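> sequence first, predicted coordinates after that:
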Amino acid sequence: MTDDLTIAHDSFKQFERDKFSLVAQKYDQAIATVTSQVNEAILDAVGAKSGLRLLDVACGTGWLSAAALKREAIVTGLDYVENMVAIAMRCPQASFHNGDAENLPFESGQFEAVVCSLGILHFPNPERAIAESFRVLKPGGRYAFTCWTPPTCNPFMALILGSVQTYGSMDLDLPPGPPLFRFGERGECERALIAEGFTEVSVTELPMNWTFSTPDDVMAKVVVSTARLGTILAMQTPEQERNIKNAIIDGASKYATDSGVEIPASVMLAVGYKP
């Protein structure tokens with residue numbers, strides 16, 4: 001008999017798969033362009049270079065994989081969402097697979113580097129995913145993942161979630177999932193990596209900017225290009241949605257520039273070494 005925790009994990013995993021499948025194209029056009037701002041830092045952290053065998057876990061539509069290919073690494077990408085993988089395959093030099101980060105379909109010690117850009121918050125069992133990355137690494141290999149920092153130090157997340165909390169509801173009928181900002185804390189990143197056997201652990205905060213043409217574009221773009229955040233926004237009542245949108249427009253207006261809207265955000269970059 002399956003316990004409640006397993007049921008929650010299975011339903012959350014299916015929710016993520018279904019939602020990202022629906023938004024894959026919009027994600028590629030919007031979110032991936034934002035997250036790619038830290039791609040070079042991730043690749044630097046694992047020493048990506050010519051001939052290095054690198055696995056990109058939760059590769060999405062392949063932007064990080066493409067950046068690794070430019071360094072002439074030997075790249076394998078994996079994602080749970082078929083539609084994401086289909087888009088990533090526009091990079092024929094890499095080998096892309098549909099698969100589960102918590103049960104990697106690769107032999108132990110196969111890669112010299114494993115990277116995971118903003119994927120860990122989407123795994124029901126992130127410890128298992130970290131352990132699997134450790135397993136497929138060769139001794140001497142490096143693992144790096146990123147995760148959003150919490151709203152207290154992330155203006156973009158503060159704007160979106162703060163507007164929902166003030167004018168809408170977070171009490172929604174969604175499958176239970178892992179805390180969105182668990183690995184936005186330096187100590188939590190360190191503990192998780194050390195627990196799975198990594199050494200020489202380092203954690204660094206990296207800045208980035210969300211860019212939009214106008215303040216009115218912010219909520220609309222988030223709804224159609226994200227899974228969890230977009231669903232939270234889309235599930236509000238019409239009145240709540242109107243009030244949330246107005247709050248987001250007002251808040252985003254404060255970040256207007258001559259070329260559009262630039263809202264600061266940041267991620268934690270956690271890196272570990274397999275001895």
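Nice, thanks for sending it over.

> quick one: the nearest residue to residue 38 once chain neighbours are set aside from residue 76, how far?
Spatial nearest neighbour of residue 38, chain neighbours left out: residue 206 (4.8 Å); criterion: CB to CB, 6 or more residues apart in numbering. In short, each C-beta sits where N, CA and C put it, glycine included. Counting by CB to CB, to the nearest Å, the separation of residue 206 from residue 76 is 24 Å.

> which of those two has more neighbours?
Using other CB atoms under 10 Å as the criterion, residue 206 and residue 76 rank with residue 76 on top: 22 against 15.

> is the more buried one in contact with residue 99, as I believe?
No - using CB atoms under 8 Å, residue 76 makes no contact with residue 99, being 10.2 Å away.

> and the nearest residue to residue 177 once chain neighbours are set aside, how many residues sit next to it?
Excluding its sequence neighbours, the residue lying closest to residue 177 (CB to CB, 6+ apart) is residue 12, at 4.3 Å. Residue 12 has 19 neighbouring residues, counting by other CB under 10 Å.

> repeat that for residue 223.
Residue 223 has 18 nearby residues by other CB under 10 Å.

> report all helices and strands that the host helix or strand of it contacts.
Secondary structure from DSSP states H and E places residue 223 in helix 217-225. Applying 3 or more CB pairs under 8 Å, 6 or more residues apart in numbering; DSSP states H and E, we find helix 217-225 packed against helix 4-29, helix 155-167, strand 199-212, helix 228-234, helix 238-253, strand 260-273.

> give me the angle between the helix or strand hosting residue 192 and strand 199-212.
Using DSSP H and E, residue 192 sits within helix 186-195. With axes from the mean of the first three to the mean of the last three CA atoms, to 10 degrees defining the directions, helix 186-195 sits at 130 degrees from strand 199-212.

> quick one: low-confidence ranges for the stretch 1-150 of the chain?
Low-confidence segments of the stretch 1-150 of the chain (pLDDT under 70): 1-8.

> how about residue 83, what does it touch?
For residue 83, the contacting residues are 20, 21, 24, 25, by CB atoms under 8 Å, 6 or more residues apart in numbering.

> sorry, back to before: what does the helix holding residue 223 rub up against?
Contact with helix 217-225 is made by 23, 26-27, 29-31, 159-160, 210, 212, 229-230, 233-234, 244-245, 248-249, 252, 261, 263, as judged by CB under 8 Å, 6+ apart.

> then stretch 69-80?
Applying CB under 8 Å, 6+ apart, the contact partners of stretch 69-80 are 13, 16-17, 20, 43, 48-60, 62, 65, 68, 85, 88, 91, 93-101, 104-106, 111, 113.

> for stretch 11-22, same thing?
Stretch 11-22 is contacted by residues 27, 80-84, 122, 124, 174-178, 227-228, 230-231 when judged by CB under 8 Å, 6+ apart.
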